[in-house]
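>>> what follows is a predicted protein model with its sequence.
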Amino acid sequence: MRYIAKSLSIIILSSVSAFAQAAVVIPDAFLTSDAQFSGDVGQAAAELERFDVPAPVNPFVEPGKDSSETADPYVYLPIQVRMVYEYEYTSSEFLGSKRVTVEYKGYSEKDSLTNASITYYNKNGVKNYEFQIKVNPNGLSVSDTILAGAARIEIPFPLFKGKEWTENSDKNRVSTFSAKTSLPAGNFAGCLRITAKLGGGDAGSAERIYAPGIGLVSETITAEDKQESLKLISFSAN
């Protein structure tokens, strides 16, 4: 019985060893016997690698930027808070100054937007315009503005120092998160400054400053045909 069991063990081990050797030899022979097929297999593997699911990306963070160079855009434009801003508006197109108020009336999470209004006060009466601030993949976009009088990206996504984009032939740039300014509404530090070369630089320049937790506090346009400014007088949560 011992002899029979020992013989069976030798046979089984021999079979396993032969199979293992075959497992090594067969794929090599299989792949090297047909070079074209081997190439097709390699190409297919490469194609599979291209369809790997990418890691989730934070839309507000630019890869490769440290925390001092990036910022939360809602800090500089708190559209989810009901706010009222009062500005002094001056322009080379009229004498003196105008008082302008901007009101954020409420944020709609369903529509990802804030309904707002611009009201102009002058000796000829009061004019009111409705507009919206909408969240989209490019940033926080407004459908109307006081100085430019047109829709634009107010703050871009992602928001980081040195961010550049072109809109309506104007070249915009996020220049700093540490701007300082003194206005009738107070002294502000740690502000976001966005600069623009109008018409690519041929039509003048512009600058706007946003204070953290408050929003737009000043804006200036220096163009060939006009000079305008907007300065914050007061602000309050409504």
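Nice, I can see it. Numbers count the residues shown, from 1 in each chain.
>>> quick one, phi psi at the residue nearest to the spatial centre of the chain?
Nearest to the mean C-alpha position of the chain, counting by Cα atoms, centre = their mean, stands residue 157 at 1.0 Å. Note on residue 157: its backbone torsions stand at phi -110, psi 140 [degrees, to the nearest 10].
>>> check the one 4 residues further on too.
Note on residue 161: backbone dihedrals following degrees, to the nearest 10 are phi -60, psi 130.
>>> next, count neighbours for it.
As a burial measure, the neighbour count of residue 161 was computed by other Cβ atoms under 10 Å and equals 18. For every residue, glycine as well, the C-beta is placed using N, CA and C.
>>> mind checking how far it is from residue 231?
When distance is defined by Cβ to Cβ, to the nearest Å, residue 161 is 25 Å away from residue 231.
>>> neighbours of residue 94, how many?
The local packing of residue 94 (other Cβ under 10 Å) involves 11 other residues.
>>> helix/strand/coil for it?
Classification of residue 94 using DSSP: H, G, I helix; E, B strand; the rest coil returns coil.
>>> contacting residues for it?
By Cβ atoms under 8 Å, 6 or more residues apart in numbering, no residues touch residue 94.
>>> now residue 213
Neighbours of residue 213 in contact, by Cβ under 8 Å, 6+ apart: 75, 78.
>>> confidence score at it?
Residue-level confidence at residue 213 comes out at 96, pLDDT.
>>> repeat for the one 10 residues further on
At residue 223 the predicted local confidence, pLDDT, stands at 91.
>>> what do you get for the one 5 residues further on?
If you check residue 228, the pLDDT there is 97.
>>> and for residue 49?
For residue 49, the pLDDT comes out at 43.
>>> now do the strands in this protein.
If DSSP state E is used as the criterion, the strands of the chain fall at 83-91, 97-108, 113-122, 125-136, 139-142, 152-156, 164-167, 170-183, 186-198, 204-211, 215-223, 227-237.
>>> residue 149: neighbouring residues, count only.
Here the number of neighbours of residue 149 (other Cβ under 10 Å) works out to 8.
>>> again with the one 3 residues further on
By other Cβ under 10 Å, the residues close to residue 152 number 16.
>>> who's it bridged to?
Taking DSSP bridges, one finds residue 142 as the beta-bridge partners of residue 152.
>>> contacts only, for it.
Residues near residue 152 by Cβ under 8 Å, 6+ apart: 141-142, 145, 167-168.
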